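K.L.:
here is the input, now give the coordinates:
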Amino acid sequence: MCSSDLIFRKYQRSLLVCVAILAMLAFFVLPPFLQMGGSVGGQDPVAVSWQGGDFRESGLERTVALRSLVNRFLMESAAAGGRDPSRMPLLPEGEEQTVQTTLLAQDAKANGVLVSDQAINDFLGQWTGNLVRQEQFDEILSRLRLGPLPLTQRDLFETLRTELAA
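P.N.:
Model (predicted):
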């Protein structure tokens, strides 16, 4: 037993360096290589599929998050227009309602229903009683974030376009 302690103490620094290098490889170098090999479709499974389309997990989560942000935008813009946000009807949130709305919007599009940007602007004008200026809309929009990124006007309009078409 004494001889094994002597061997360990003699090579203590070398062993410590080897363990540190192995730890760095395990934590910093190995994960990117493992992710490259496993991203062939198993990382983002299909959550819902239907004839003519599907929703992957990440897309469904993003769409649900966008609807929640659009609801916050609508509540803040109604308040800026002097209306009581608690009395205003909001977009239904949740995965099931999101999928249903998407299916209805695709059916409407197949039947020739198109929602223009002007129709969305008219909807927002009615929503706020035409009392909110564009600068106020922009300021409300700049406060809302989808993760680290701000909610864009394009995201807002696409979500409202889908909802109005449905």
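K.L.:
start to end distance for stretch 121-137?
P.N.:
11 Å (C-alpha to C-alpha, to the nearest Å).
K.L.:
tell me the centre residue of this protein?
P.N.:
Nearest to the geometric centre of the chain sits Arg62, at 2.9 Å (C-alpha atoms, centre = their mean).
K.L.:
contacts only, for the residue nearest to it when sequence neighbours are not counted.
P.N.:
Once flanking residues are discounted, Arg62 sits nearest to Leu146: 7.6 Å by C-beta to C-beta, 6 or more residues apart in numbering. C-beta: built from backbone N, CA, C; applies to glycine. Contacts here follow C-beta atoms under 8 Å, 6 or more residues apart in numbering; on that basis Leu146 touches Arg62, Ala65, Leu66, Leu69, Asp155.
K.L.:
again with Ser3
P.N.:
By C-beta under 8 Å, 6+ apart, no residues touch Ser3.
K.L.:
residue ranges with poor pLDDT in this protein?
P.N.:
Under the criterion pLDDT under 70, the flagged ranges of the chain are 1-2, 33-42.
K.L.:
what does the single longest helix found in the chain contact?
P.N.:
Ranked by residue count, the top helix of the chain under DSSP state H comes out as helix 57-80. Contacts with helix 57-80, where a contact means C-beta under 8 Å, 6+ apart, come from 44-48, 55, 84-85, 88, 90-95, 98-99, 102, 124, 127-128, 131-132, 136-137, 140-141, 143-147, 151, 155-156, 159-160, 163.
K.L.:
of those residues, grab the buried ones for PyMOL.
P.N.:
In PyMOL, this line selects whichever of the contacts of helix 57-80 come out buried by 16 or more other C-beta atoms under 10 Å:
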select buried, resi 48+55+85+91+98+99+102+124+127+128+132+137+140+141+144+151+155+156+159+160+163
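K.L.:
take the contacts of helix 57-80 and keep only those in helices.
P.N.:
Judged by DSSP H, the subset of the contacts of helix 57-80 located in helices is 95, 98-99, 102, 124, 127-128, 136-137, 140-141, 143, 155-156, 159-160, 163.
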